[in-house]
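>>> okay, sequence plus prediction incoming.
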Amino acid sequence: MIRRILHVASREYIAYVRTKSFVISVLALPITLLLAVALPMLLDSMGGKPARAFTVVDETGLYGKALIRDLRAADSDGDGILGIGLRDYIYESSPLEMTAERMDALRASVQRGRLFGLFVISAGDSSSLCTLDYYTSDPAGEELPALVRGLLNNAVAMEHLLPRVGDEELLRRSLRGASVRTHAITEAGEEEATAAHIARSYAPMAFVYLLWISVIIMASHLMTSTIEEKTSRIIEVLLSSVSPFEFMMGKLVGLAAAGLTMISAWVLAAVLCLSVFSNPTVSQIGSGLASAFAGATILWFFAFFLLGFLFFASIYVGIGSVCNTIREAQNLTQPLMFILMIPIFLMFYVTQNPDHIVAIIASFVPPFIPFIIMNRIPANPPAPTWQVVLAAVILALSTYASIRASAKVFRIGILMYGKAPTLPEMLRWARRSD
Amino acid sequence: MSALRLTSICKTFGDHVAVDHVSLEVPTGTVYGFIGPNGAGKTTMLRMIVDIIRPDTGSIEVLGTRDPARIRQRIGYLPEERGMYKKMRSVDFVAYIGTLKGLRPRDARERAAALLDGLDLTKWKSANVDVLSKGMQQKLQFAATIIHTPELLILDEPFSGLDPLNLESLKNAILEYRRDGRTVIFSTHMMEHAERLCDSIFMIHSGRKVLDGTLQQIKAEAPNRAIRLSYYGDAGFIKDLSYVTRVREYQNDMEIFVADGCNPQTLLKDVVGRVEIVSFDVSEPSLYDIFLERAGGGRGGRIADDGSLLDRSGALR
């Protein structure tokens, strides 16, 4: 029996791995990753990106000079271009003598797009010493006004406090405030917080997503191929050679192998990506992800991947066996699709709050187990071992039950042509003794 | 040992009784024809034999075993609806079925290649199934059916859609199979194929067995056997013979129907010397006639003398 299951599995595996859709799904993620990381770096290195021009007008005449000096100082490489975030800004000086006409002209050039931003410093009201008006065609960008505001605050403080304090260095240091150092205390000991820790905290979501996307891709392929075998009538030849159970199991095992291949290809591509574009941040992200995937977690991942995959795939193959068209199958799988969406909606919340009571309960509800538990194992605090083991046992039993039920539905459904049965009818078949 | 033994099998689909208490024994080394009108239950019978569907009641013993896994390895089944993986290379498809039937992968590939060579498909071995013509696909399917040299070959309507060349080679293959001591069961609704190939015939109608036996037995037992006598002289006495049920008289020519179970040789003895016999022809009823008779009879009618179907009241349908 095992031998026949493996023969079916290897044919399914080879047939699927050779299809265009598999190649596309394997390449899609690495290519997206590559483009997301490499393209901005490439464009950046090509240069020629237009710097956005802005200017500052000081109506008070008190802070402008200091502000502009600090702006120039912020341009560390002295090329006249300020790199703030991912954007470049260029400071243009404005005429010192401001008239109403000149102000209108400056506003007009913002409107025309020649000038990206115009800052106007004017006298403050009762609660503040000065007001900063910011005119721009793109009010969504917050980096530039934040920078200018920070520098202006410094300039205001210097202007009014320096005469009283007298010690410029002391004042500057006071204005800079306390420097924050985050220390991550983990099992490995104490270390400085880096991008690795951020990557580490999002790793649970990577698990959920990998499992989810492969279930969706593989299960729908499984369903389509079952319908194809049914409508092309090849099923009769196959069922005179293997039992319906052997055939179904072969398909499930073959597709699970294809799913693991796909995930391995993705992980490999991610590793390659991280090692090719090595800068300190990227390698920190890499080590953060690696620490999340290390040790028992990766074993649990494979265990829950296989169980979860078989659980959903067996349901999909059972549904595929009773349908004659993809459309029928899609109607029947809609409720399942809805259930599958829930862990994705919860993914972010569970990552942040892995010990929320709902997350704990969902860890024991069969359709959610593989997602929620993989969401929780690498999270902080991690799921207790007894919960992981219990979830694995529940999922294993549910998977066994769903495979058995699907095998019964499969045996009846695969030779049925005409109208697809309803879900209650299928459940009746599933309960029927063999 | 029988190649197949069915004991009182029944199968219903919903309210429809597809097979109704059918028992059957197929001896090893024979060619058995399953005949019957469309929808009689032939395909359901064959599918139950290969364990694609299970009977509701009754038992099925194939090649001396009831273990479906072992049965599958030793039979070859050609379904009525042919199907293959379109995107598979033809030699790979045949070899794949071989491995499912228990051949080792390497043996299966060698056998598949040899079979395709034998079927003039050498050039197409590496081609995907979907580029093959319909005729070539049929050959391919047959190759997949016999790759593991099954002891029992089960063919569901194997002749439908074949051109005369392929038809002949399939018939030869079936006869060759029997010569090797293997068993072949096939269903057909073309009586001439059944008549020319089969040792025995099983006829099913509305799920019930209506005929079962060797071709010879069936023909011997068929009622309404007409004896055609050409003669010179006065043959008027014949219609008065006790065992003659009916005669149809023509000019110097007569069709004589004798009672069931009466040997035509008795008639010949009685006629010799009384008229000058030109020919005495015990024409066997054709399977076609028997089929019509049984199929009509099962619905409560019978065949009229001129071959048309009558219902029970004798009116022409």
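Received the coordinates, thanks.
>>> in stretch A:148-164, what's buried?
A:Val148, A:Leu151, A:Leu152, A:Asn153, A:Asn154, A:Ala155, A:Val156, A:Ala157, A:Met158, A:Glu159 (16 or more other C-beta atoms under 10 Å in any protein chain shown). Every residue, glycine included, has its C-beta placed from N, CA and C.
>>> and for stretch B:1-16?
Within stretch B:1-16, the residues scored as buried using 16+ other C-beta under 10 Å are B:Ser2, B:Ala3, B:Leu4, B:Arg5, B:Leu6, B:Ile9, B:Cys10, B:Lys11.
>>> distance from the chain centre to that stretch, please.
17 Å (C-alpha atoms, centre = their mean, to the nearest Å).
>>> same question for stretch B:245-253.
In terms of C-alpha atoms, centre = their mean, the gap separating the centre of stretch B:245-253 from the centre of its chain is 34 Å.
>>> mind checking which of the buried residues of stretch A:148-164 land in strands?
With strands taken from DSSP state E, there is no overlap with the buried residues of stretch A:148-164.
>>> distance to chain B and pLDDT added to those, as JSON lines?
Shown next, in JSON lines, are the buried residues of stretch A:148-164 (distance: C-beta to the nearest C-beta, whole Å; pLDDT from 0 to 100):
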{"residue": "A:Val148", "distance to chain B": "63", "pLDDT": "89"}
{"residue": "A:Leu151", "distance to chain B": "66", "pLDDT": "88"}
{"residue": "A:Leu152", "distance to chain B": "68", "pLDDT": "90"}
{"residue": "A:Asn153", "distance to chain B": "69", "pLDDT": "89"}
{"residue": "A:Asn154", "distance to chain B": "70", "pLDDT": "88"}
{"residue": "A:Ala155", "distance to chain B": "72", "pLDDT": "89"}
{"residue": "A:Val156", "distance to chain B": "74", "pLDDT": "89"}
{"residue": "A:Ala157", "distance to chain B": "74", "pLDDT": "88"}
{"residue": "A:Met158", "distance to chain B": "76", "pLDDT": "87"}
{"residue": "A:Glu159", "distance to chain B": "78", "pLDDT": "87"}
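>>> for chain A, what's the nearest residue on the stretch 101-250 of chain B?
Evaluated by C-beta to the nearest C-beta, the stretch 101-250 of chain B has B:Lys101 as its residue closest to chain A, separated by 5.5 Å.
>>> next, count neighbours for that residue.
Residues lying near B:Lys101 (other C-beta atoms under 10 Å in any protein chain shown) number 24.
>>> which secondary element of chain B has the worst mean pLDDT?
Lowest mean confidence among the helices and strands of chain B (mean pLDDT, DSSP states H and E): strand B:309-310, at a mean of 40.
>>> can you name the element that comes right after the biggest helix by length in chain A?
Ranked by residue count and defined by DSSP state H, the top helix of chain A is helix A:195-231. Where DSSP states H and E defines the elements, the next helix or strand beyond helix A:195-231 is helix A:234-239.
>>> does any part of that next one sit near chain B?
Yes - using C-beta under 8 Å from any C-beta of the partner chain, helix A:234-239 reaches chain B at A:Ile234, A:Ile235, A:Glu236, A:Val237, A:Leu238, A:Leu239.
>>> using a markdown table, lay out these together with neighbour count, pLDDT and distance to B:Thr65.
Shown next, in a markdown table, are these (neighbours: other C-beta atoms under 10 Å in any protein chain shown; pLDDT from 0 to 100; distance: C-beta to C-beta, whole Å):
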| residue | neighbour count | pLDDT | distance to B:Thr65 |
| --- | --- | --- | --- |
| A:Ile234 | 23 | 88 | 26 |
| A:Ile235 | 23 | 88 | 24 |
| A:Glu236 | 24 | 88 | 22 |
| A:Val237 | 24 | 88 | 21 |
| A:Leu238 | 22 | 90 | 21 |
| A:Leu239 | 24 | 89 | 18 |
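>>> nearest residue to A:Phe371 other than its sequence neighbours?
What sits nearest to A:Phe371 in space, not counting adjacent residues and going by C-beta to C-beta, 6 or more residues apart in numbering or on different chains, is A:Pro343, at 3.4 Å.
>>> right, and that neighbour touches A:Met374 too?
No - the criterion here is C-beta atoms under 8 Å, and A:Pro343 misses it with A:Met374 at 9.2 Å.
>>> domain boundaries for the chain, per the record?
Reading this off chain A. A:2-34+A:195-431, A:50-179 (automatic domain parsing).
>>> that answer is for a different chain, and I need it for chain B
According to automatic domain parsing, the domains of chain B span B:2-219, B:226-282.
>>> what mean pLDDT does the shortest one get?
Right, the one you point to is domain B:226-282. The average pLDDT within domain B:226-282 is 85.
>>> for the chain, what are the low-confidence residue spans?
Unless you meant another one, I'm taking chain A. A:47-49, A:76-79, A:85-86, A:95-96, A:186-193, A:277-279, A:418-419, A:432-434 (pLDDT under 70).
>>> hmm, no, I was thinking of chain B.
B:223-225, B:297-317.
>>> what segments of it are helices?
B:42-49, B:68-74, B:90-100, B:105-118, B:134-146, B:164-179, B:191-197, B:215-221, B:264-271, B:287-298.
>>> pull out the buried residues from stretch B:91-106.
Applying a neighbour-count criterion of 16+ other C-beta under 10 Å, one finds B:91-103 buried in stretch B:91-106.
>>> may I see those residues organised as JSON lines, with distance to A:Gln330 added?
Output for the buried residues of stretch B:91-106, formatted as JSON lines (distance: C-beta to C-beta, whole Å):
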{"residue": "B:Val91", "distance to A:Gln330": "36"}
{"residue": "B:Asp92", "distance to A:Gln330": "31"}
{"residue": "B:Phe93", "distance to A:Gln330": "29"}
{"residue": "B:Val94", "distance to A:Gln330": "34"}
{"residue": "B:Ala95", "distance to A:Gln330": "35"}
{"residue": "B:Tyr96", "distance to A:Gln330": "30"}
{"residue": "B:Ile97", "distance to A:Gln330": "31"}
{"residue": "B:Gly98", "distance to A:Gln330": "36"}
{"residue": "B:Thr99", "distance to A:Gln330": "34"}
{"residue": "B:Leu100", "distance to A:Gln330": "31"}
{"residue": "B:Lys101", "distance to A:Gln330": "35"}
{"residue": "B:Gly102", "distance to A:Gln330": "38"}
{"residue": "B:Leu103", "distance to A:Gln330": "39"}
